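Asker: Structure for the following, please:
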Amino acid sequence: MRWISLADAEAAARQSPRPVLIDLYTDWCGWCKVMDKRTYRNKNVISYLKEKFYTVKLDAETRSAVDWQGKKYPFNTQYKTNEIAMALTGGQLSYPTTVIIPAPGETPQPIPGYLAPNELELIVKYFGDGAYKRMPFPEFQKKFKSTW
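Answerer: Have a look, this model is predicted:
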């Protein structure tokens, strides 16, 4: 899997719009490591994400300020997390969280918890194939057939 920075994904999406997938993790999170090994090394996952998404790996506890959409997000000492993690998850911190930003300027869609390749497939194809523009997720989910 080729990961890029959030700033690079934002710039790339402005030039050539496509969804952004953010793997929001922490160094101490065991399920984050499992998702790295089982999901993000899966050949179907790698191939699809490479074609349809800009992929970002973001440490929720980075102490470095993170720039995104013209705003600087600092490390929050009270919550021991970077404020970008709170913004992307609507304050519902859980790791790992897969965050999908469907298009530049659209609301981040956080999906908390470990996702196996077939579980991730449902979500990334909903956004990557543009189905989110045409139908509600439950309707897509009913019709969806996993191939991974």
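Asker: Specify the helix with the largest residue count in this protein.
Answerer: Looking across the chain with DSSP state H, the single longest helix is helix 117-128.
Asker: residues making contact with whichever helix or strand comes after that helix?
Answerer: For helix 117-128, the following helix or strand on the C-terminal side (DSSP states H and E) is helix 137-143. When contacts are defined by CB atoms under 8 Å, 6 or more residues apart in numbering, helix 137-143 is touched by residues Leu122, Tyr126, Ala131, Tyr132. Every C-beta, even on glycine, is put in place using the N, C-alpha and C of the backbone.
Asker: Is it correct that the first one is in contact with Trp148?
Answerer: No - Leu122 sits out of contact with Trp148 when judged by CB atoms under 8 Å, with a separation of 9.4 Å.
Asker: Give me the phi and psi for Tyr54.
Answerer: With angles defined as degrees, to the nearest 10, Tyr54 sits at phi -100, psi 130.
Asker: Next: the one 4 residues further on.
Answerer: Main-chain torsions, Leu58, degrees, to the nearest 10: phi -130, psi 120.
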